[in-house]
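> one predicted model, sequence on top.
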Amino acid sequence: MPSVIDLTQSGDQQFITWLTSFKADDLPVLLGRLLVSILIFVIGRVLVTLLVRFVRRNLERRPLDALTVDFFDKALTIVGIILVALIALGNLGIPMTSLIAVLGASALAIGLALQDSLSNLASGLLIIMLRPYRDADSIEVGGDRRLGTVDSVHFFHTILRTPDNSLLLMPNREVMGNPIVNFTDLGWRRVDMEFTVGYEADLRRAKEILQALAAADPRVRAEPPAVIAVKALSQNGVELVFQPYVQPADYGRVRYDLTEQVKLRFDEAGITMAAPRPVSLVNMGAVTPPQTPAGSE
């Protein structure tokens, strides 16, 4: 089996043979072919653009998400440009076998040198096929604050818009190699909040306030109902869990607003929220062992 170097050298030799076959008298012919090849490439590029637009419009009418449509758009554009370039070069009289051999050998060499990039490309194709997330989905990838809204997906990377309005570019290989949590796919998300009230507080009244806050907020879903329950009886007080369900886009704002409202309503009702009790350490000093009286032995 010929090696990459052999294929490249063979293609180079054929190209050099083609190039040296021209004489000075052939220069006008070569320039004419060059102009025709440029015209072929320009016209072909326009036709590829029109074809891609036509295919994209038809795909957008089908029940496909934007990521899949963008993938076919980019793939068809790349393949079309390569075909147009090969046709234009073939018009110059360049031996196609040598050209294909050089391109294939170069692609193989580049692939060996850029294995990570090819891995990102393969992962990008998996994302397109498996669709673990779509545009505008809120996701978390492997923890470590890699949380945000999907801005766009490309062949080699995915761009997330983080909660602080930064753009996080993640290689697709890293995305597919870590657990992906999709907060949007199910249509709602649970807000987990905990409050601790004193043992002297009216527990029933506290739960009624939490229930009223959930019912009064239009962003909180009626079904499933908010979870309001006693989590534990701790040293500091009675721990309550408050877990309403909201749209993923409202998660952060609802959490902040309800936390503030709980504090205000508890204050109005005279319900004291317990604070952690300080722990006092008492130094008892060193313990001296009893001494045996002299002469007792």
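Received it, and whenever you're ready, just let me know what you need. Numbers count the residues shown, from 1 in each chain.
> low-confidence bits of this structure, can you list those?
1-27, 95-99, 101-102, 105-107, 109-114, 145, 276-297 (pLDDT under 70).
> can you pull out the helices in it?
4-20, 27-60, 66-91, 96-113, 115-130, 172-176, 203-216, 251-269 (DSSP state H).
> care to break the protein down by domain?
4-113, 133-182, 189-269 (automatic domain parsing).
> got these as JSON lines, with mean neighbour count columns?
Bear in mind the C-beta positions are built from the backbone N, C-alpha and C, glycine included. Listed next are the domains of the chain as JSON lines, based on neighbours: other Cβ atoms under 10 Å:
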{"stretch": "domain 4-113", "mean neighbour count": "14"}
{"stretch": "domain 133-182", "mean neighbour count": "16"}
{"stretch": "domain 189-269", "mean neighbour count": "16"}
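> closest one to Ala122 among those domains?
domain 133-182 (7.9 Å; Cβ to Cβ).
> Asp137: which of the helices of the chain is closest?
Closest to Asp137 of those is helix 66-91 (Cβ to Cβ; 9.9 Å).
> now the closest one, how far from the chain's geometric center?
In terms of Cα atoms, centre = their mean, to the nearest Å, the centre of helix 66-91 is set 26 Å apart from its chain centre.
> elements contacting that helix?
If contacts are counted by 3 or more Cβ pairs under 8 Å, 6 or more residues apart in numbering; DSSP states H and E, helix 66-91 sits against helix 27-60, helix 96-113, helix 115-130, strand 147-153.
> as a markdown table, the ones you listed with distance to Asp217 would be great.
Shown next, in a markdown table, are these (distance: least, Cβ to Cβ, whole Å):
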| stretch | distance to Asp217 |
| --- | --- |
| helix 27-60 | 36 |
| helix 96-113 | 55 |
| helix 115-130 | 35 |
| strand 147-153 | 22 |
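> so for Ala269, which of those sits nearest?
Between the helices and strands packed on helix 66-91, strand 147-153 lies closest to Ala269; by Cβ to Cβ that is 35.2 Å.
> quick check: angle from the closest one to helix 115-130?
Angle, strand 147-153 to helix 115-130, by axes from the mean of the first three to the mean of the last three Cα atoms, to 10 degrees: 90 degrees.
> kindly check the end-to-end length of stretch 159-173 for me.
Length of stretch 159-173, first residue to last, Cα to Cα, to the nearest Å: 13 Å.
> and if you look at stretch 150-163?
End to end - Cα to Cα - stretch 150-163 spans 11 Å.
> which residues sit against that stretch?
67, 70-71, 74, 117, 120-121, 124, 127-128, 133-139, 141, 145-149, 167-172, 175, 252 (Cβ atoms under 8 Å, 6 or more residues apart in numbering).
> now stretch 172-191
With contact meaning Cβ under 8 Å, 6+ apart, stretch 172-191 is reached by 116, 119-124, 126-127, 132-133, 136-142, 153, 155-158, 221, 227, 243-248, 251, 254-255, 258.
> and if you look at stretch 234-241?
192-199, 201, 203, 206-207, 210, 227-233, 273-277.
> can you check stretch 250-270 too?
The contact list for stretch 250-270 (Cβ under 8 Å, 6+ apart) reads 138, 163, 183, 189, 191, 193, 195, 197, 202, 205-206, 209-210, 212-214, 217, 219-220, 242, 244, 246, 272-273.
> list the ones among these that fall in strands.
Ser138, Arg189, Met193, Phe195, Val197, Phe242, Val246 (DSSP state E).
> using CSV, lay out those residues together with distance to Ile43.
Shown next, in CSV, are the ones in strands among the contacts of stretch 250-270 (distance: Cβ to Cβ, whole Å):
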residue, distance to Ile43
Ser138, 45
Arg189, 52
Met193, 63
Phe195, 70
Val197, 76
Phe242, 66
Val246, 54
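> out of those residues, which two sit at the greatest distance?
By the measure Cβ to Cβ, Ser138 and Val197 form the most distant pair in the ones in strands among the contacts of stretch 250-270, at 31.8 Å.
> wait, which of the helices and strands packed on helix 66-91 is closest to Ala85?
For Ala85, the closest of the helices and strands packed on helix 66-91 is helix 27-60, at 6.5 Å, according to Cβ to Cβ.
> I'm done for today, thanks for sticking with me.
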